[in-house]
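[1] quick one: sequence plus predicted model below, questions after.
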Amino acid sequence: MKDFKEFIMRGNVVDLAVGIIIGGAFGKIISSFVSDILMPPLGLILGKINFSDLFINLSNTAYPSVAAAKAAGAPTINYGMFINTVIDFLIVAFAIYLMIVQINRLKKKPEAVPVTTKDCPFCFSSIPLKAVRCPHCTSNLEG
């Protein structure tokens with residue numbers, strides 16, 4: 001039980017849990033944005049199309065909407081809802097991309113470490129920059 005408690009309380013597990021919870025809430029916001037704000041004007045521009053009502057009826061009976069077909073238990077291919085889901089995914093992926101780009105810009109870049117050594121051209125040992133003779137192979141480094 002002690003090992004399990006240590007595992008749960010590690011920073012990575014807690015961070016992951018928080019990320020999943022926030023991601024779920026963010027996904028709901030994006031889904032609402034797509035279905036309630038983005039798709040109605042897009043459908044209007046494309047000729048008053050309601051994407052969520054686009055479906056292929058696989059039965060012999062005609063149905064006016066997906067809801068009516070589902071209520072009757074008819075088999076359907078709901079490609080309009082699939083289009084909504086793809087647009088949801090693309091918006092979420094783009095938002096995450098923008099967020100990661102901003103996070104990477106804010107990260108502190110590592111400072112350049114000054115070079116204090118060079119390699120001997122004869123024995124390839126690391127030696128100080130100001131050395132005029134290699135301490136390993138005693139080769140003359142001047143000239």
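    Cool, the structure landed. Residues are numbered from 1 along each chain as shown.

[2] for this structure, just list every one of the strands.
    Assigned by DSSP state E, the chain shows strands spanning 56-57, 76-77, 117-119, 126-128.

[3] now tabulate those in CSV and tack on distance to Y63.
    Every C-beta, even on glycine, is put in place using the N, C-alpha and C of the backbone. What follows is the strands of the chain, written out as CSV (distance: least, C-beta to C-beta, whole Å):
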stretch, distance to Y63
strand 56-57, 6
strand 76-77, 8
strand 117-119, 78
strand 126-128, 78
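
[4] so for S139, which of those sits nearest?
    strand 126-128 (10.0 Å; C-beta to C-beta).

[5] that closest one - contacts with which helices or strands?
    strand 117-119 (3 or more C-beta pairs under 8 Å, 6 or more residues apart in numbering; DSSP states H and E).

[6] partner strands of the strand it packs on and their direction?
    Strands that pair with strand 117-119, judged by DSSP bridges, come out as strand 126-128 (antiparallel).
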